[in-house]
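In: let's see this in three dimensions:
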Amino acid sequence: MENATPTPPLPGDVPDEEFLRLDHQICFSLHTAARAFNGVYRTALKDLGLTYPQYLAMMVLWEHGELPVKEIGDHLRLDSGTLSPLLKRLETAGYVERRRSAADERSVTVRPTAAGGELRERALGVPRRIAAATGLPLERIRALRTELDALTAHLTGRDPAPGTAPVCAGRTRRPRPPAVGRGTGGHAPPRSGPGGRSQ
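Out: Numbering: from 1, shown residues only. The predicted model follows:
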């Protein structure tokens, strides 16, 4: 008869001395995985000339079109002090356009320019490169992402934001066409509701 797999001990059953070991810390495992992802993204984004935070901001704009800065921050979970310099650099590079909202001058909206739309076409292969770099099948990537979303929600007390995870996390939803800025002859898609340092 095969031995049954032992049940992992509950936290209260583990001596404090065992918990106080670096290789037992889930936060350290997540930290090292995040650093490894940064290295992979640095290579994958080199030809695009984007940092990882800038890439995430562009992903939000490619998916949703023109958005207020606050809503971009909500998607990325970034405060305005971090997000504003990031968007300013993207505007300087010619990929986005910032403007005052016609409905509320206190609100600034951001949308991709024609160059930003062209950048999306060049970025289409990045998510698959990242997924391949994990060495995991998409089913495991999706399951892992779901667990991490639940962990984040539990730690922060916030519900996971559905539909905001990068495509590299295994989502199969078809992306919306990008909006383009004024003077480009393009048309922005309908708007949907509700700072980036180089790694």
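
In: run through the strands of this protein in chain order.
Out: Under the criterion DSSP state E, strands of the chain are mapped to 67-68, 96-100, 108-112.

In: quick one, which of those is packed in tightest?
Out: strand 108-112 (a mean of 22; mean count of other C-beta atoms under 10 Å). Every C-beta, even on glycine, is put in place using the N, C-alpha and C of the backbone.

In: can you list the strands that it pairs with?
Out: strand 67-68 (antiparallel), strand 96-100 (antiparallel) (DSSP bridges).

In: with respect to residue 25, which of the ones you listed lies nearest?
Out: Nearest to residue 25, of all these, is strand 67-68, at 36.6 Å by C-beta to C-beta.

In: can you pull out the helices in this structure?
Out: For the chain, the helices defined by DSSP state H cover 16-19, 26-44, 52-64, 69-76, 80-92, 114-123, 126-134, 138-156.

In: now do the buried residues in the shortest one.
Out: Which is helix 16-19. By neighbour count on 16 or more other C-beta atoms under 10 Å, the buried set for helix 16-19 is empty.

In: what is the end-to-end distance of stretch 96-114?
Out: 9 Å (C-alpha to C-alpha, to the nearest Å).

In: return the lowest-mean-pLDDT helix or strand in the chain as CSV; C-alpha atoms alone will do.
Out: Counting by mean pLDDT, DSSP states H and E, the chain has its least confident helix or strand at helix 16-19, which shows a mean of 83. Listed next in CSV are the C-alpha coordinates belonging to helix 16-19 (Å, rounded to 0.1, in the frame of the first residue of the first chain):
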residue,chain,number,x,y,z
ASP,A,16,9.1,29.9,15.0
GLU,A,17,12.7,28.9,14.3
GLU,A,18,11.5,27.2,11.1
PHE,A,19,9.4,30.1,10.0
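
In: of all the helices of the chain, which one is nearest residue 105?
Out: helix 69-76 (13.4 Å).

In: and the angle from the closest one to strand 96-100?
Out: Orientation check (axes from the mean of the first three to the mean of the last three C-alpha atoms, to 10 degrees): helix 69-76 against strand 96-100 gives 130 degrees.

In: tell me which residues in stretch 85-94 are buried?
Out: Using 16+ other C-beta under 10 Å as the test for burial, stretch 85-94 gives 86-87, 89-90.

In: now do stretch 146-153
Out: Going by neighbour count (16+ other C-beta under 10 Å), the buried part of stretch 146-153 is residue 149.

In: likewise stretch 44-62?
Out: Within stretch 44-62, the residues that count as buried by 16+ other C-beta under 10 Å are 44-45, 48, 50-62.

In: of all those residues, which two lie farthest apart?
Out: For those, the farthest-apart pair by C-beta to C-beta is 44 and 61; their separation is 18.9 Å.

In: for the chain, which spans come out with low pLDDT?
Out: Within the chain, the ranges that satisfy pLDDT under 70 run 1-12, 160-199.

In: can you do 90?
Out: Within the chain, the ranges that satisfy pLDDT under 90 run 1-19, 100-107, 157-199.
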